[in-house]
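A.B. asks: sequence below, structure please.
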Amino acid sequence: MATSKNGSKSKTQAKRATTEAKKSAAKTAKASKRAATKVAAAEKNQVQTVVETAVDFPVGAVLAVSDRVSDLVEPWTDRSKAQKQVKSYRSSLRKSLKRTERRGSTARRKAITEARKTRNQVEREARKRQRDVETTIKRNRNEVEQRVRQAIEEQTSRAQGVVGSAQGLVGSVSDQLSALR
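C.D. replies: The predicted structure follows:
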């Protein structure tokens, strides 16, 4: 785009550029305004939510307490309702006591069974060890008796051998004495 003699193109271009710049600035301003409006609306909603929560929570707590008190007091406002409530409490208490008694009974039975098992196990182990000891004692006694018998037999046979030798010597000495006389 070259400039003309009188510079009209340049003015046109300048006007166009100025117009575009104004439009762009207007768009940007409009977008910024829109964004700021959205941010402001979001912040307003957040603040509103926090305020509502701050108000709703105590009101809800009061209503919950009121309902609970009502539920507690309501059965006692009329004599027949109060009697029903007492009967219900008694029934509930009986059930609870029976349940507790059953649990105690079950626990006691289990403890007794466990104690019995343990006692039987200990007794069995004691009998086994006693048998083992008695068996060992018998085996050792038999072994000792057998060795003693064997030693006695050996000593007896040695003694008989010595007696036989002595008799043989006495006989030969006596024969020699008789021959000398």
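A.B. asks: so residue 145 is in which element?
C.D. replies: helix 79-180 (DSSP states H and E).
A.B. asks: starting at the chain centroid, how far to that helix?
C.D. replies: In this view, helix 79-180 has its centroid 40 Å away from the chain centroid, taken as CA atoms, centre = their mean, to the nearest Å.
A.B. asks: who does it touch, helix- and strand-wise?
C.D. replies: Contacting helix 79-180 under the criterion 3 or more CB pairs under 8 Å, 6 or more residues apart in numbering; DSSP states H and E is no other helix or strand. Placement of C-beta: from N, CA and C, glycine included.
A.B. asks: any idea of the mean pLDDT in that helix?
C.D. replies: Across helix 79-180, the average pLDDT comes to 92.
A.B. asks: stretch 62-72 now?
C.D. replies: 86.
A.B. asks: quick one: distance of it to the chain centre.
C.D. replies: Here stretch 62-72 shows a centroid-to-chain-centroid distance of 40 Å under the convention CA atoms, centre = their mean.
A.B. asks: and that stretch, what's buried?
C.D. replies: For stretch 62-72, a neighbour-count test (16 or more other CB atoms under 10 Å) marks nothing as buried.
A.B. asks: quick one: residues in contact with that stretch.
C.D. replies: The contact list for stretch 62-72 (CB atoms under 8 Å, 6 or more residues apart in numbering) is empty.
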